[in-house]
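Participant: All I have is the shape, not the residue letters:
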């Protein structure tokens with residue numbers, strides 16, 4: 001991954017984008033793709049689409065920009081701030097964390113309080129629900145806190161990007177800023193190949209609260225084939241229950257899902273491209289749903305042939321998600337190569 005591509009990835013990861021408040025991240029994405037797309041547009045809820053014009057078919061490669069987080073639910077008389085969830089925030093990892101409350105007047109730092117170990121009964125501990133936890137911003141009382149924040153302000157962990165050994169990084173919100181990075185990079189690489197098809201990179205909003213942006217884009221764009229690129233669980237992480245293991249490992253390449261949502265012709269096309277480009281891929285069983293934007297794309301209009309391609313990720317929905325940059329770069333390479341050859345494949349299936 002060269003300097004500008006890594007810089008772009010870091011910009012995305014450093015920009016807070018909780019569901020419903022994605023505009024800052026979308027601005028950075030739009031600025032980047034505008035350097036090589038023929039057209040860039042956004043819709044009323046902030047979904048962003050970058051297009052390289054060609055002929056048929058129209059191919060959409062989509063990631064979602066939003067991340068999980070919290071929201072200011074209430075302000076107590078003592079100045080502490082009560083929370084509600086934005087998406088699937090994990091109550092077991094939130095206490096004792098630094099957070100930022102994103103207000104119209106700028107960021108307000110705080111911490112999610114945790115009673116000191118000396119003062120609590122440690123024999124039979126349990127995890128409080130998010131709604132029972134609180135943020136301490138240092139305010140002396142409720143009036144002071146009310147001057148700083150408003151109900152409905154979004155909240156994210158204040159977490160940096162860490163470079164681990166080799167090509168691995170840790171950060172919050174790899175799910176799924178890495179997907180919009182891959183979509184943008186796939187478009188750039190496909191554009192360099194002067195594709196015959198029309199290629200659309202898409203950065204959707206509000207995936208973490210029900211695939212909402214993909215529902216909008218799928219109906220409006222109506223591509224001939226859609227690929228949702230997202231993180232997927234690397235089940236090689238210590239502590240993964242045996243019955244949850246999938247064979248997906250960090251550092252072993254992008255993951256092509258099979259079953260249910262995943263249209264078999266799209267699966268075969270991407271696997272053929274991977275083989276000919278000598279890109280190692282992993283396979284994943286997806287018998288019911290993918291849990292990604294692909295689940296919304298494939299039921300749009302009369303049905304859009306869709307596929308989920310994943311990037312292995314450890315510790316999903318925590319502030320310390322981990323991935324291998326080689327997996328991410330290979331994902332962009334695979335999707336760019338597929339987009340460049342998209343006109344060669346037939347996507348409809350008739351019994």
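Facilitator: Alright, I've got the coordinates. In this text, all values refer to a predicted model and were calculated from it rather than measured experimentally.

Participant: if I pick the nearest residue to residue 213 once chain neighbours are set aside, what's in contact with it?
Facilitator: Leaving aside its chain neighbours, residue 213 sits nearest to residue 204 (3.4 Å; criterion: Cβ to Cβ, 6 or more residues apart in numbering). (C-beta placed from N, C-alpha, C; glycine too.) By Cβ atoms under 8 Å, 6 or more residues apart in numbering, the contact list for residue 204 reads 47, 62-66, 213-214, 216-217, 293.

Participant: From the recorded domain assignment, give the ranges for the protein.
Facilitator: Under the assignment automatic domain parsing, the domains of the chain span 3-67+172-344, 69-157.

Participant: which stretches of the stretch 1-150 of the chain have low pLDDT?
Facilitator: For the stretch 1-150 of the chain, no stretch has pLDDT under 70.

Participant: Spell out the residue ranges of the helices in it.
Facilitator: Here the stretch 1-150 of the chain has its helices, by DSSP state H, counting those that start in this stretch, at 3-14, 23-33, 142-148.

Participant: In which helix or strand does residue 274 reside?
Facilitator: Secondary structure assigned from DSSP states H and E places residue 274 in helix 264-276.

Participant: before we move on, what about residue 181?
Facilitator: For residue 181, the host element (DSSP H and E) is helix 174-192.

Participant: got the angle for that helix vs helix 23-33?
Facilitator: 20 degrees (axes from the mean of the first three to the mean of the last three Cα atoms, to 10 degrees).

Participant: Tell me what angle helix 174-192 forms with helix 3-14.
Facilitator: 150 degrees.

Participant: Just the mean pLDDT for helix 174-192, thanks.
Facilitator: For helix 174-192, mean pLDDT rounds to 97.

Participant: and that helix, which residues are buried?
Facilitator: By 16 or more other Cβ atoms under 10 Å, the buried positions in helix 174-192 come out as 174-191.

Participant: now stretch 186-203, how far from the chain's geometric center?
Facilitator: A distance of 20 Å separates the centroid of the chain from that of stretch 186-203, by Cα atoms, centre = their mean, to the nearest Å.

Participant: how close does residue 232 get to residue 120?
Facilitator: According to Cβ to Cβ, to the nearest Å, residue 232 and residue 120 sit 37 Å apart.

Participant: higher neighbour count, those two?
Facilitator: The residue with more neighbours, out of residue 232 and residue 120, is residue 232; 25 against 10, by other Cβ atoms under 10 Å.

Participant: what pairs with the closest residue to that one other than its chain neighbours across the strands?
Facilitator: Distances taken as Cβ to Cβ, 6+ apart place residue 310 nearest to residue 232, at 3.0 Å, with adjacent residues excluded. Residue 310 forms beta bridges with residue 230, residue 255, as assigned by DSSP bridges.

Participant: do residue 40 as well
Facilitator: Note on residue 40: beta-bridge partners residue 50, judged by DSSP bridges.

Participant: thinking again about what came up before, give the next helix or strand downstream of the helix holding residue 181.
Facilitator: The helix or strand immediately downstream of helix 174-192 is strand 197-204, counting by DSSP H and E.

Participant: in that next one, what counts as buried?
Facilitator: For strand 197-204, the neighbour count (16+ other Cβ under 10 Å) marks 197-204 as buried.

Participant: same check, this time on stretch 53-64
Facilitator: Residues of stretch 53-64 classed as buried: 54, 57-64 (neighbour count, 16+ other Cβ under 10 Å).

Participant: what does stretch 239-252 give?
Facilitator: 246, 248-252.

Participant: Now for residue 169: which residues touch it?
Facilitator: 161-163, 322-323, 325.

Participant: In strands, which of those residues appear?
Facilitator: Applying DSSP state E to the contacts of residue 169, the entries found in strands are 162-163, 322-323.

Participant: May I ask you to confirm that residue 183 is in contact with residue 199?
Facilitator: No. Residue 183 is not in contact with residue 199 according to Cβ atoms under 8 Å; the separation is 10.0 Å.

Participant: Any chance you could list residues touching both of the two?
Facilitator: residue 61.

Participant: Would you check how far apart the residue lying closest to residue 92 once chain neighbours are set aside and residue 235 are?
Facilitator: Leaving out its chain neighbours, the residue that sits closest to residue 92 by Cβ to Cβ, 6+ apart is residue 127, at 5.0 Å. Computed as Cβ to Cβ, the residue 127 to residue 235 distance reads 23 Å.

Participant: Quick check on the two: which one has the bigger neighbour count.
Facilitator: Neighbour count, other Cβ under 10 Å: between residue 127 and residue 235, residue 235 has more, with 18 against 13.
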